[in-house]
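>>> Sequence below, structure please.
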Amino acid sequence: MLYRVEGIVIRSMDYGEGNKIITLCTENYGKVGVLVRGAKKVKSRHAALTQPFTYGQYVFFRNGNGLGTLNAGEIFESYHSLRENIEQAAYASYACELVDRGLHDEEIGAFWFHQLKACLDSLLESKDIHVVIHIFEMKILQASGYGPELEQCISCGRKSDEFKVSPRLGGVLCQSCKHHDPASYTVSPRTLKLLQLFAKIDLRRLGNIDVKDETKAELKKVMRDFMDMQMGLHLKSRNFIDQLDKYDI
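Below you'll find the model as predicted:
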């Protein structure tokens, strides 16, 4: 059967001497694997379609739910400049790997496709890279069914101005319930408000948010803890980001 889909390349790997297999995050068909014959050859007309982050239209043949074979394609946005900037490339790779590893095929629909595209667009527009990626992490948590409860105590449902964050329990605890997780910790009111905003915002409507360095540090800790406790993914792209941060590249 012939398929014509809009997709974003979230993974690209060599296959044999001259071919590549790409994984697409598509608007209507979830994640799709496509074999691109001859993509590694110098004069291949399809080579550009296999580059990471590329957004375009892909036409391929596929029998059943197996691997498709590319017939034709058209690039809508190459995101070429993201691949040329080491920091932007690292975070874009992280976003794509989150989709690839964090979501099952049936969980990816039009909304998540558009959130990934909005994430790449925001990185391309040089919006705050940390804010963008933390919002995207929040979207992945929500898509996976692990979206944290940040508006009321996850134990008793009480609203409060003095919450403690409990990544292990997946939300916030009021002062009366903090004993349920001795490892829970306090964050600044600004950080908590931003986390609540991240849970509600659509990346396609993200403007410019000015965040102080100390708030960014808290946001990174909280989101890292939520991702580790709730999803437990070990991602190569995140390890690379940690190396960038370590050496301040």
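>>> part of a strand, is Q152?
Yes: if the criterion is DSSP: H, G, I helix; E, B strand; the rest coil, then Q152 is within a strand.
>>> Now do it, the pLDDT please.
According to the prediction, Q152 has pLDDT 96.
>>> can you check E214 too?
pLDDT for E214: 95.
>>> for K31, same thing?
Predicted confidence (pLDDT) for K31: 90.
>>> Give the bridge partners for it, please.
Bridge pairing for K31 (DSSP bridges) gives the partners C25.
>>> How far off centre is the helix or strand where G33 lies?
Element membership of G33, judged by DSSP states H and E, is strand 31-36. Offset of strand 31-36 from its chain centre (Cα atoms, centre = their mean, to the nearest Å): 19 Å.
>>> The most centrally placed residue in the chain: which element?
In the chain, the C-alpha closest to the average C-alpha coordinate belongs to A95, at a distance of 3.1 Å (Cα atoms, centre = their mean). If you go by DSSP H and E, A95 is part of helix 86-102.
>>> That helix - contacts with which helices or strands?
For helix 86-102, the packing partners by 3 or more Cβ pairs under 8 Å, 6 or more residues apart in numbering; DSSP states H and E come out as strand 2-15, strand 19-26, helix 80-84, helix 110-124, helix 129-143, helix 236-247. Bear in mind the C-beta positions are built from the backbone N, C-alpha and C, glycine included.
>>> Quick check: can you list the domain ranges of the chain?
Annotated domains of the chain cover 2-78, 82-247 [automatic domain parsing].
>>> That'll do, ta.
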